[in-house]
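Engineer: after the sequence you'll find the predicted model.
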Amino acid sequence: MTNPSFPNYVKIGKTTNLDQRLRSLNNPSCLPFSFRVYATYKVESGLDKVENSIHNLIDKINYELRAREMTEAGKLREREFFALDGERAYEIIREIALLRGDENNLIKQKQTKKRDKRKRLQKLFKK
């Protein structure tokens, strides 16, 4: 997933209900823009294992790509956000899908960047 609020990051995670997950992510009032699905990768089995493998592979490519921070309690907090653009993340996942033999389950979604920008501008000028 991508979000214009975080232009330098992509969220890579799993869900069994994409619509519900999008609603929960887009519900907080602290986000100026909604998350957008960049691609979906349907995994028939081993969902947790595939997600962990993708995250671990990106960590091995470059440990600095994952969003991490130390909490006030002194614990390391790791997130499913990576300093990658959507296309680069898609290519990494595509390689995993090719190795698994299920590349047909990876689908890039149509991006609506121009339409979203136009809607934001229209709202601005209506005021």
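Structural biologist: Structure received. Residues are numbered from 1 along each chain as shown.
Engineer: longest single strand anywhere in the protein?
Structural biologist: Assignment by DSSP state E gives strand 76-82 as the longest strand of the chain.
Engineer: and the contacts of it?
Structural biologist: Here strand 76-82 makes contact (CB atoms under 8 Å, 6 or more residues apart in numbering) with 6, 9-13, 55, 58, 65-71, 89. The way it works is simple: take the backbone N, C-alpha and C, and place the C-beta from them, glycine included.
Engineer: dump it to PDB, keeping only the CA atoms.
Structural biologist: Provided in PDB are the C-alpha atoms of strand 76-82 (Å, rounded to 0.1, in the frame of the first residue of the first chain):
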ATOM      1  CA  LEU A  76      12.600  -1.700  19.400                       C
ATOM      2  CA  ARG A  77       9.400  -1.100  17.500                       C
ATOM      3  CA  GLU A  78       9.400  -2.500  13.900                       C
ATOM      4  CA  ARG A  79       6.700  -1.500  11.500                       C
ATOM      5  CA  GLU A  80       5.500  -2.900   8.100                       C
ATOM      6  CA  PHE A  81       6.600   0.300   6.400                       C
ATOM      7  CA  PHE A  82       9.700   0.300   4.100                       C
END
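Engineer: list the buried residues in that strand.
Structural biologist: 80, 81, 82 (16 or more other CB atoms under 10 Å).
Engineer: ditto for stretch 85-92
Structural biologist: Using 16+ other CB under 10 Å as the test for burial, stretch 85-92 gives 86, 89, 90, 92.
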